[in-house]
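Engineer: the following comprises the amino acid sequence and a computationally predicted model.
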Amino acid sequence: MPVIYFDMSGRFVDANGAFLRQSQYSRAELEDGELSWQRLTPPEWVEPSERAFAELKRRGATTPYQKEYIRKDGTRWWALFAAKRLSEHLAFEFIIDITARKRAEEALAQSEQRLRSLIDALPSPVWRANAAGHWRWASCQWPELTGQTCEDCVGLGWLDSLCDEDRRAVLAAWQQAGRNEVLQFECRVRDARAQEYRWMQAKAVPMADEEAGRIEWVGTFTDVEEQCRARQALAQSHAELEALVETRTHALQQTVDRLNRETRERKQAEAQLLQSEKLRAVGQLTGGIAHDFNNLLAGINASLELMQLRLNQGKAEEADRYCSLALSSVNRAAALTKRLLTFSRQQPLEPKRVEPSQIIAELEELVRRTVGPKIRVETRLKAANAVHCEPSQLENALLNLAINARDAMPSGGCLTLATDVCELPAEQATELLLDPGRYLCIEVTDSGVGMSEEVRARAFDPFFTTKSIGEGTGLGLSMVYGFTQQSGGQAQINSAPGRGTTVRLFLPFAAAGTLKTGPAEAQPSAQRAQGERILLVEDEAVIREVVSEQLADLGYRVSTAFDGQSALQEVERLGEFDLLISDIGLPGAWSGNRLAEEIRTRMPAVKVLFMTGFAPNESALIEASQAGGAKLLKKPFTLGQLSGCVRQTLDQTGR
């Protein structure tokens with residue numbers, strides 16, 4: 001923690017090393033008497049600082065206060081200050097760096113402003129309320145609709161804009177809504193512009209405030225006046241038709257004419273109802289925006305926006321590259337999930353034969369985007385040899401090293417990624433705890449600030465970091481070190497202050513003919529059907545539809561179901577089929593495993609292929625499924641992997 005000592009003129013007479021590092025001044029400059037709080041304080045903070053200084057002189061201590069200080073290079077940092085007088089001429093002050101917190105507060109404010117702008121752009125009012133129906137906030141569309149001010153509608157004030165006859169029913173609907181249900185009701189709301197009441201549909205989703213231990217509702221109002229009118233018109237038309245049939249049976253021709261006229265009116269009313277149902281669906285979608293907003297994938301979104309921009313600019317030839325970047329983001333998300341499950345011991349490692357030079361070449365574009373334009377990226381890929389490791393962990397190790405290099409070059413510089421074949425003599429191999437011989441060496445070199453010997457010696461220690469709080473976890477290099485050891489190799493750091501850093505990864509060559517370990521994957525090429533019938537069970541509608549179309553395109557006859565119960569109904573309807581493809585985690589009482597067992601009791605010859613995005617105890621599941629003759633296909637998968645795995649499952653002998 002930075003600490004300074006100063007006299008009653010404000011001149012610094014002493015400070016600890018933490019303050020000197022933070023302010024970027026040397027001890028010589030401090031001892032020369034050049035530093036004071038007046039010199040380090042920005043102009044806009046001079047007046048508050050003088051008030052605090054006056055308080056120190058008057059009371060002997062200051063109330064903790066916040067302000068910015070100016071570093072020697074002109075940059076600023078936020079801090080919390082608390083001073084105490086030691087004697088008539090001397091005082092000291094504790095300083096707590098709160099820069100990260102202030103940056104986070106600024107980012108949060110910007111995020112809230114963006115969300116507020118999005119809400120203000122919506123066509124319907126948006127509101128937030130507690131579990132009892134007391135509104136805490138409403139968007140600008142509510143005052144525009146009802147004439148109420150935002151202040152008047154908080155609490156239960158919003159009920160004043162509802163028709164008197166509807167208020168009791170609205171509150172009853174609120175009280176009956178469960179904690180995990182969607183709140184939905186219809187009521188008449190005053191339209192101040194038209195001076196009338198209009199039917200509106202409210203729809204809200206519950207949001208848990210875990211810290212406060214309560215439930216809040218976020219919802220919207222959608223105009224359904226036309227839909228209600230259509231319902232009334234339809235009911236009236238139906239009533240008139242019934243009355244006509246009952247009272248005019250003696251005048252058949254007149255009844256037929258009237259019936260035709262009423263039938264036309266009924267069709268018109270039904271058309272109006274259909275249109276209003278479409279509007280209602282749009283309103284429901286709008287109400288769900290707040291719930292689904294956090295599911296946006298920023299990397300994929302950016303790539304698609306760039307793709308659209310290039311297409312609008314007439315640069316269609318560049319669109320494929322951004323499409324590849326979006327697909328790469330999807331693949332990296334899947335690889336990251338696999339890696340996280342590996343760390344929790346719920347996903348088996350899948351090392352295979354890979355060429356580091358090829359991996360680096362494929363990562364070069366991502367590395368350039370990661371380190372930014374101020375850093376020049378060079379590659380020197382001399383080794384075409386293969387190693388045996390987990391490719392996603394190698395990619396993450398390289399990205400970790402690139403990010404560390406970027407942080408070591410705040411003013412820019414050069415980052416070099418190289419591969420070569422090196423011969424480790426006995427002495428050097430012993431130091432690295434490796435056997436003497438030939439290794440593939442990956443070098444990541446930066447021209448940054450470098451490390452002291454003390455820092456270099458601890459760089460691979462878990463949780464050791466030289467970065468400020470909130471800027472680093474201290475796990476990056478330790479994960480790189482763990483990856484190289486898991487792969488049978490070793491990592492080494494060469495660095496000196498002001499001379500940059502080189503990290504070397506020594507990896508043993510892959511044995512000739514080394515193949516990927518772990519469960520076998522499907523072949524990448526699409527393989528055609530031979531007239532087989534497939535029952536596909538998947539609760540996710542999008543996946544169910546897409547996979548069904550892929551299988552149909554391959555020539556299979558496909559029937560679908562969304563859960564175990566509907567699947568058994570399809571079994572009764574179909575009678576026989578050749579292959580069951582089922583997600584493992586299905587809703588309801590029927591899991592994928594239980595469903596397969598039940599169907600096999602009815603059709604012992606049926607083949608089974610399970611799909612899963614994540615399954616607890618996956619290693620045990622793989623063994624159990626293979627023992628029962630089933631195959632396992634992990635999401636996400638390509639068309640080639642799907643077709644190959646289906647073909648392998650159908651072609652296997654036995655069950």
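Structural biologist: Looks like it came in fine. Treat the numbers as computed from the prediction; the structure is a model and nothing was measured. Numbers count the residues shown, from 1 in each chain.
Engineer: use CA for all of it now, contacts and neighbours both
Structural biologist: Fine.
Engineer: what ranges do the strands span in the stretch 51-200 of the chain?
Structural biologist: 65-70, 76-85, 90-97, 126-130, 135-138, 183-191, 196-209 (DSSP state E, counting those that start in this stretch).
Engineer: reformat those strands as a markdown table; add mean neighbour count.
Structural biologist: Output for the strands of the stretch 51-200 of the chain, formatted as a markdown table (neighbours: other CA atoms under 10 Å):
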| stretch | mean neighbour count |
| --- | --- |
| strand 65-70 | 18 |
| strand 76-85 | 19 |
| strand 90-97 | 18 |
| strand 126-130 | 21 |
| strand 135-138 | 19 |
| strand 183-191 | 20 |
| strand 196-209 | 19 |
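Engineer: so which of those strands is nearest residue 360?
Structural biologist: strand 76-85 (37.3 Å; CA to CA).
Engineer: tilt between the closest one and strand 65-70?
Structural biologist: 120 degrees (axes from the mean of the first three to the mean of the last three CA atoms, to 10 degrees).
Engineer: by how many degrees do strand 76-85 and strand 90-97 diverge?
Structural biologist: Using the same axes, to 10 degrees: strand 76-85 against strand 90-97 is 150 degrees.
Engineer: against which helices or strands is strand 76-85 packed?
Structural biologist: Here strand 76-85 is seen to pack against helix 46-59, strand 65-70, strand 90-97, helix 99-121 when contacts are counted using 3 or more CA pairs under 8 Å, 6 or more residues apart in numbering; DSSP states H and E.
Engineer: wait, what's in contact with the nearest residue to residue 139 once chain neighbours are set aside?
Structural biologist: The shortest distance from residue 139 to any non-neighbouring residue, by CA to CA, 6 or more residues apart in numbering, is to residue 126 (5.3 Å). Counting by CA atoms under 8 Å, 6 or more residues apart in numbering, residue 126 makes contact with 119, 138, 139, 141, 142, 218, 219, 220, 221, 287.
Engineer: can I get the residues you listed in CSV with distance to residue 588 and pLDDT?
Structural biologist: As requested, the contacts of residue 126 are exported to CSV (distance: CA to CA, whole Å; pLDDT from 0 to 100):
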residue, distance to residue 588, pLDDT
119, 36, 67
138, 38, 87
139, 39, 85
141, 41, 85
142, 40, 86
218, 28, 89
219, 28, 89
220, 31, 89
221, 32, 89
287, 27, 34
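Engineer: so which of the helices and strands packed on strand 76-85 gets nearest residue 231?
Structural biologist: Using CA to CA, the nearest of these to residue 231 is helix 99-121, at 30.3 Å.
Engineer: against residue 217, how distant is the residue nearest to residue 139?
Structural biologist: 11 Å (CA to CA, to the nearest Å).
Engineer: what's the answer for residue 161, then?
Structural biologist: From residue 161 to residue 217 the distance is 19 Å (CA to CA).
Engineer: cool, and residue 457?
Structural biologist: 53 Å.
Engineer: go on, residue 413?
Structural biologist: 51 Å.
Engineer: which one of these two has more residues nearby?
Structural biologist: Neighbour tally, residue 413 and residue 217, criterion other CA atoms under 10 Å: the higher count belongs to residue 217, 23 against 18.
Engineer: if we can go back for a sec, let's have the strands of the stretch 51-200 of the chain in JSON lines, adding distance to residue 262.
Structural biologist: Listed next are these as JSON lines, based on distance: least, CA to CA, whole Å:
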{"stretch": "strand 65-70", "distance to residue 262": "76"}
{"stretch": "strand 76-85", "distance to residue 262": "76"}
{"stretch": "strand 90-97", "distance to residue 262": "78"}
{"stretch": "strand 126-130", "distance to residue 262": "40"}
{"stretch": "strand 135-138", "distance to residue 262": "44"}
{"stretch": "strand 183-191", "distance to residue 262": "28"}
{"stretch": "strand 196-209", "distance to residue 262": "26"}
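Engineer: of all those strands, which lies closest to residue 486?
Structural biologist: strand 90-97 (38.8 Å).
Engineer: which elements pack onto that closest one?
Structural biologist: Against strand 90-97 (3+ CA pairs under 8 Å, 6+ apart) you get strand 3-7, strand 76-85.
Engineer: now mean pLDDT and distance to residue 578 too, for the ones you listed, in CSV please.
Structural biologist: Listed next are the helices and strands packed on strand 90-97 as CSV, based on pLDDT from 0 to 100; distance: least, CA to CA, whole Å:
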stretch, mean pLDDT, distance to residue 578
strand 3-7, 91, 76
strand 76-85, 90, 68
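Engineer: now render those as JSON lines, adding distance to residue 360.
Structural biologist: Compiled in JSON lines, the helices and strands packed on strand 90-97 are given as follows (distance: least, CA to CA, whole Å):
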{"stretch": "strand 3-7", "distance to residue 360": "46"}
{"stretch": "strand 76-85", "distance to residue 360": "37"}
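Engineer: ok, which of the ones you listed comes nearest residue 613?
Structural biologist: strand 76-85 (44.5 Å).
Engineer: hmm, who's touching that closest one?
Structural biologist: 56-57, 60-71, 91-99, 102.
Engineer: tally up the residues packed near residue 574, please.
Structural biologist: Residues near residue 574, counting by other CA under 10 Å: 12.
Engineer: residues contacting residue 558?
Structural biologist: Counting by CA under 8 Å, 6+ apart, residue 558 has contacts 533, 534, 535, 536, 548, 551, 552.
Engineer: would you show me how to pick out the buried ones of these in PyMOL?
Structural biologist: Only the buried entries of the contacts of residue 558 go into this PyMOL selection, using 16 or more other CA atoms under 10 Å:
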select buried, resi 533+534+535+536+548+551+552
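Engineer: so which of the contacts of residue 558 are in helices?
Structural biologist: 548, 551, 552 (DSSP state H).
Engineer: list the contacts of the last one.
Structural biologist: Residues touching residue 552, when contacts are defined by CA under 8 Å, 6+ apart, comprise residue 558.
Engineer: separation between it and residue 560?
Structural biologist: Taking CA to CA, one finds residue 552 at 12 Å from residue 560.
Engineer: between the helices and strands packed on strand 76-85, which has the poorest average model confidence?
Structural biologist: For these, the weakest mean pLDDT is recorded on helix 99-121, namely a mean of 75.
Engineer: quick one: least confident helix or strand in this structure?
Structural biologist: Within the chain, confidence by mean pLDDT, DSSP states H and E is lowest for helix 289-292 among all helices and strands, at a mean of 30.
Engineer: could you dump stretch 54-72 to CSV, C-alpha only?
Structural biologist: In CSV, the C-alpha atoms belonging to stretch 54-72 read as follows (Å, rounded to 0.1, in the frame of the first residue of the first chain):
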residue,chain,number,x,y,z
ALA,A,54,-7.3,22.4,5.8
GLU,A,55,-9.3,19.7,7.7
LEU,A,56,-6.0,18.0,8.5
LYS,A,57,-4.5,21.2,9.9
ARG,A,58,-7.7,21.9,11.9
ARG,A,59,-8.6,18.4,13.2
GLY,A,60,-5.3,16.5,12.9
ALA,A,61,-6.8,14.0,10.5
THR,A,62,-8.8,13.9,7.3
THR,A,63,-12.1,12.2,6.4
PRO,A,64,-11.2,9.6,3.7
TYR,A,65,-11.6,11.2,0.3
GLN,A,66,-11.1,10.2,-3.4
LYS,A,67,-9.3,12.0,-6.2
GLU,A,68,-6.9,11.5,-9.0
TYR,A,69,-3.1,11.8,-9.0
ILE,A,70,-0.9,12.4,-12.0
ARG,A,71,2.0,10.0,-12.7
LYS,A,72,5.3,11.2,-14.0
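Engineer: noted, bye for now.
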